[in-house]
Every structure is written in C-alpha cells, then in structure tokens.
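Student: Return a 3D structure for these sequence lines:
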Amino acid sequence: MTNRQRGKNTERALAKKLGCKRVGILGSEDLQHSVFSFEVKSRKTFVASSWMLQAIRNCPKGKCPALIVHVHGRDHNNDFVMMKMSDFEAWLGEISNGCQK
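Tutor: The predicted structure is shown next:
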C-alpha cells in the first residue's frame, strides 16, 4: 500500500470514528468539524511515539497523560500538544455531535 493510499484510508477511518466529513483536498483541512480543523497524518513509525509512551508511563493515576513538544528558538505559544485519541475523546466527550455532516 502506498503512503498516499494509507493516508486516505486513515482519513476515512477517522472521519467515520469522529462523525466528521472527510475533505482530503490538498491545501484544505482533511476532516471538517465545527470546532476543530483536523490535519491527518499516517506514519509507519513516529519519533514522538516513545515520548508519548514515557508520558503515559510517568502519569500518576487519575490524570491524563499529554506530551508537549517545544521547538528550540520558537515561542511557547507555538508548542505542540499530543495525547491519545481515547483520552482526547474522554476529555471532550462525544465530539461527533459537533461535526459538519
């Protein structure tokens, strides 16, 4: 399977899971939602996976693990925040209610 096909399949699966509309046109958002603009990437490996596993491993019971990545020399307002999809959904509730259909 090509990278492009894997990406399209991932977009379709996430659109179904989140109740979003898949747009997937170059230069536009991948998934339409009333609050979020989702850009979807699919990778066989991802360097931040080990960082996220560390956040999960070090997370005290009752808290939600999240990863913040800061790029040296940039303002902290531009840092990236990452969390597991299951935690994202648990934290926000059922987000498919806000998706554009």
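Student: can you pull out the helices in the protein?
Tutor: 3-18, 48-57, 85-92 (DSSP state H).
Student: Next, the angle from the first one to helix 85-92.
Tutor: Orientation check (axes from the mean of the first three to the mean of the last three CA atoms, to 10 degrees): helix 3-18 against helix 85-92 gives 30 degrees.
Student: Touching helix 3-18 from outside, list them.
Tutor: The contact list for helix 3-18 (CB atoms under 8 Å, 6 or more residues apart in numbering) reads 1, 20-22, 24, 30-31, 33, 38, 40-42, 95-96, 99. In short, each C-beta sits where N, CA and C put it, glycine included.
Student: neighbour-wise, which of the residues you listed leads?
Tutor: Among these, C20 has the most neighbours (other CB atoms under 10 Å), with 25 neighbours.
Student: quick one: it and A66, what's the gap?
Tutor: 22 Å (CB to CB, to the nearest Å).
Student: Could you do F36 as well?
Tutor: For F36, the distance to A66 - CB to CB - is 16 Å.
Student: And for Q54?
Tutor: Counting by CB to CB, the gap from Q54 to A66 is 12 Å.
Student: And these two? Which one has more around it.
Tutor: Neighbours were counted for Q54 and for A66 using other CB under 10 Å; A66 has more, 16 against 12.
Student: which residues does that one contact?
Tutor: Per CB under 8 Å, 6+ apart, neighbours of A66: 55, 81-83, 87.
Student: Just the buried ones from these?
Tutor: By neighbour count, with 16 or more other CB atoms under 10 Å, the contacts of A66 hold 55, 82-83 as buried.
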